[in-house]
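predicted coordinates and the sequence they were generated for:
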Amino acid sequence: MGITDGTAGGITDLTPAERRVWDAFPLGEGVDFREGDDDDPARGADWGPERTVRAEVLRELLLAGPVREGRTPGLKVAGARITGRLDLKYGTVACAVRLRGCHFEQAPDLYGARIVALALSDSVLPGLTAGALRAEGVVRITCCRVTGPVRLQGARLSGAFFANGALLGTPGEEPAEPVLQLNHAEVATDVWAAGLVAHGEVRLNGAVVGGQVNLNDAVLDAPGGTALHAEVLAVGTDLHAMRLRARGRVNLGGARIPRQLNLAHARLSNPGGQALRVSSGVIGELWLREAAPVEGSVNLRRAQLDLLHVPPEVWPGRVQLDGLSYRVLAPHLPAAQRLPLLEREQEGYLPHPYEQLTTAYRTVGDEAAARTVQLAKLRRHRRTLPAYARLWGHLQDAAVGYGFRPMRAALWLLLLLCTGSLAFALHHPPALKPSEAPTFNPLFYTLDLLLPIIDFGQEPAYAPRGGYQWLSYLLIALGWVLATTIAAGITRSLNRQ
């Protein structure tokens with residue numbers, strides 16, 4: 001039976017449940033309709049009139065409700081069934097709204113509203129429209145179950161946004177729009193969504209978060225689509241997504257994250273498409289430590305990182321690394337374990353990833369690994385050359401490792417020295433002027449041929465003939481090549497020091 005009360009503005013027939021809420025509002029006191037700890041708002045449609053409150057009554061309270069001198073009003077209701085639509089569009093609510101564990105018949109509409117704080121924790125809703133909302137405090141949908149979209153695009157929150165433990169969307173259904181929309185929102189402190197389960201896209205592109213974004217243990221399920229759309233997201237500190245489970249693309253292109261993008265222990269899966277995109281992002285540290293092997297491609301083109309911590313086994317078969325810059329690569333591993341990644345570049349041979357890896361090894365003082373990477377770059381480039389150039393490349397590689405293996409040149413010189421000394425010891429070349437020629441010495445004669453800047457007086461005094469003459473020509477040519485290679489290698493080492 002309704003209770004008539006002219007103090008309720010245009011509402012003249014408050015039910016007993018509504019009267020409790022009305023009387024508690026000016027005192028800032030709470031009304032709890034729950035019957036026990038196991039009271040499930042998912043079954044709220046079956047709740048009777050003893051715990052049913054019309055949305056129009058709540059609207060009247062929030063926009064023009066009674067006040068009590070010396071008391072702070074507030075709407076604090078738990079375990080209610082709210083019928084009708086709570087329409088506060090463009091309204092100004094001068095008190096905090098806490099509707100915990102409630103069952104909403106229709107999606108509340110707070111578009112463009114101004115509010116002190118909004119808490120809907122543990123409630124069940126068919127959706128929430130709160131685009132362009134202005135909140136002086138926090139907005140909470142903690143542990144809510146929302147089947148429709150949560151629209152907070154363009155919202156301005158002076159406090160934090162909490163969606164930890166929330167369940168958004170319906171499993172097995174493909175939503176027509178993102179299930180959580182924080183695009184172009186401004187959150188002064190944190191976005192806290194640890195343990196969030198979203199069956200559909202979570203959109204944060206263009207959002208500005210003063211503190212951190214926390215997606216630890218979240219499950220973002222949008223197979224074949226975009227699970228997290230956060231292009232040009234700007235956060236004040238970190239984006240934590242440890243143990244994240246994402247089916248669909250995680251798009252962080254152009255994001256600005258000054259400290260950590262932490263995807264440790266994460267599982268990213270988007271077979272046949274991009275699983276992770278961080279192109280053009282500026283990030284302090286990117287962590288994929290102990291993550292599962294990525295299913296799908298990874299795009300890090302033109303990203304700028306201070307630290308990149310990704311074990312080799314995490315990388316997928318297809319990557320895009322052109323323009324990626326980083327200062328430190330972790331964990332520190334031999335070059336042989338890092339180089340296979342550069343073979344997976346989708347654009348074919350690109351020199352920049354090799355140069356960047358070389359720089360990273362030199363930053364930590366591993367010059368041997370840096371030389372190995374440079375040698376691998378030249379070998380990879382060789383595959384793009386014409387046949388004659390590839391042949392010359394193979395010769396350079398075998399002989400001196402493209403100049404990055406100068407000791408190999410020294411060994412070749414020693415081998416040629418032994419070969420020439422033995423050959424000329426067995427067959428002395430005739431002297432040009434026997435009366436003036438020094439005593440023939442096959443070792444120093446061969447050194448004269450091999451070393452262009454040393455003259456022991458043997459080579460100009462003797463003139464081999466036939467096949468030995470061709471051998472001398474070969475020794476002279478190879479000596480020039482190998483000697484200059486050794487000199488270049490020594491010069492590079494001195495320059496680096």
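Nice, thanks for sending it over.

could you pull out the helices in the chain for me?
16-24, 55-64, 335-342, 351-363, 367-382, 387-400, 406-426, 442-450, 467-496 (DSSP state H).

any idea of the angle the fifth one forms with helix 406-426?
Meaning helix 367-382. Angle, helix 367-382 to helix 406-426, by axes from the mean of the first three to the mean of the last three Cα atoms, to 10 degrees: 80 degrees.

so who does the residue lying farthest from the centre of the chain touch?
Computed with Cα atoms, centre = their mean, the residue of the chain farthest from its C-alpha average is residue 435, at 80.2 Å. Applying Cβ atoms under 8 Å, 6 or more residues apart in numbering to residue 435 gives no contacts. From N, CA and C alone the C-beta is placed, and that goes for glycine too.

check it and give its pLDDT.
Confidence at residue 435, expressed as pLDDT, is 78.

then the one 10 residues further on?
You'll see residue 445 listed with a pLDDT of 82.

could you list every residue that touches it?
Shown in contact with residue 445 (Cβ under 8 Å, 6+ apart): 420-421, 424, 429, 456, 458-459, 462.

dump those residues into CSV; add neighbour count and distance to residue 210 as well.
Listed next are those as CSV, based on neighbours: other Cβ atoms under 10 Å; distance: Cβ to Cβ, whole Å:
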residue, neighbour count, distance to residue 210
420, 24, 75
421, 17, 77
424, 24, 81
429, 20, 85
456, 16, 77
458, 22, 80
459, 22, 78
462, 20, 84
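
would you format those residues as JSON lines with pLDDT included?
Below are these laid out as JSON lines (pLDDT from 0 to 100):
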{"residue": "420", "pLDDT": "83"}
{"residue": "421", "pLDDT": "85"}
{"residue": "424", "pLDDT": "83"}
{"residue": "429", "pLDDT": "87"}
{"residue": "456", "pLDDT": "79"}
{"residue": "458", "pLDDT": "79"}
{"residue": "459", "pLDDT": "77"}
{"residue": "462", "pLDDT": "81"}
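
between these, which is nearest residue 105?
residue 420 (98.5 Å; Cβ to Cβ).

does the closest one touch residue 446 like I think?
Yes - assessed by Cβ atoms under 8 Å, residue 420 is found in contact with residue 446 at 3.4 Å.

now do the shared contacts for these two.
Common neighbours of residue 420 and residue 446 (criterion: Cβ under 8 Å, 6+ apart): residue 475.

just to check, residue 150 is in contact with residue 185?
No - proximity of residue 150 to residue 185 does not meet the contact threshold set by Cβ under 8 Å, at 11.4 Å.

that older thread, right, so of the helices of the chain, which gets closest to residue 46?
Of the helices of the chain, nearest to residue 46 by Cβ to Cβ is helix 16-24, at 15.2 Å.

let me know the angle separating the closest one from helix 55-64.
Using the same axes, to 10 degrees: helix 16-24 against helix 55-64 is 10 degrees.

quick one: mean pLDDT for helix 16-24?
pLDDT averaged over helix 16-24 gives 95.

show me how far stretch 26-45 is from its chain's centre.
42 Å (Cα atoms, centre = their mean, to the nearest Å).

just the buried residues of that stretch, please?
Across stretch 26-45, burial judged by 16 or more other Cβ atoms under 10 Å covers 26, 31, 33-34, 39, 41, 44.

list just the nearest of those to residue 392.
Out of the buried residues of stretch 26-45, the member with the shortest distance to residue 392 (by Cβ to Cβ) is residue 41, at 76.1 Å.

which residue is the nearest non-sequential neighbour of residue 137?
In space, and not counting its chain neighbours, residue 137 is closest to residue 117: 3.4 Å by Cβ to Cβ, 6 or more residues apart in numbering.

wait, residue 321
residue 353 (4.5 Å).

do you know how far that neighbour is from residue 251?
Per Cβ to Cβ, to the nearest Å, residue 353 is found 22 Å from residue 251.

for residue 385, same thing?
From residue 385 over to residue 251 (counting by Cβ to Cβ), the distance is 37 Å.

the two: which has the busier surroundings?
residue 251 (24 against 12; other Cβ atoms under 10 Å).

model confidence for the more buried one, exactly?
As predicted, residue 251 sits at a pLDDT of 98.

so it sits against residue 231, correct?
Yes - between residue 251 and residue 231 there is a contact under Cβ under 8 Å: 5.9 Å.

any shared contact partners between the two?
Common contact partners of residue 251 and residue 231 (Cβ under 8 Å, 6+ apart): residue 205.

can you list the weak-confidence ranges in the stretch 251-400 of the chain?
Low-confidence segments of the stretch 251-400 of the chain (pLDDT under 70): 346, 393-400.

and the contacts of residue 445 as a markdown table, adding distance to residue 162?
As requested, the contacts of residue 445 are arranged in a markdown table below (distance: Cβ to Cβ, whole Å):
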| residue | distance to residue 162 |
| --- | --- |
| 420 | 82 |
| 421 | 83 |
| 424 | 88 |
| 429 | 92 |
| 456 | 85 |
| 458 | 88 |
| 459 | 86 |
| 462 | 92 |
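
just give me the neighbour total for residue 451.
Residue 451 has 18 nearby residues by other Cβ under 10 Å.

again with residue 336
Neighbours around residue 336, by other Cβ under 10 Å: 11.

repeat for residue 95
Residue crowding around residue 95 was assessed by other Cβ under 10 Å; the count is 20.

and what of the one 3 residues further on?
As a burial measure, the neighbour count of residue 98 was computed by other Cβ under 10 Å and equals 18.

could you measure from it over to residue 25?
As defined by Cβ to Cβ, residue 98 lies at a distance of 12 Å from residue 25.

any common contacting residues for the two?
Joint contacts of residue 98 and residue 25 (Cβ under 8 Å, 6+ apart) are 74-75.

not counting sequence-adjacent ones, nearest residue to residue 204?
In space, residue 204 is closest to residue 230, 4.2 Å off (Cβ to Cβ, 6+ apart).

and the one you found, what does it touch?
203-205, 207, 251-252, 255.

which ones are touching residue 296?
Neighbours of residue 296 in contact, by Cβ under 8 Å, 6+ apart: 249, 268-276, 316, 318.

any regions of the stretch 1-150 of the chain where pLDDT drops low?
By pLDDT under 70, the low-scoring segments of the stretch 1-150 of the chain are 1-10.

how does it look with 50?
Scanning the stretch 1-150 of the chain for pLDDT under 50 picks out 1-6.

quick one: the strands in it, in order.
30-32, 52-54, 75-78, 81-83, 92-100, 103-104, 114-119, 124-125, 128-129, 134-135, 139-140, 145-146, 150-151 (DSSP state E, counting those that start in this stretch).
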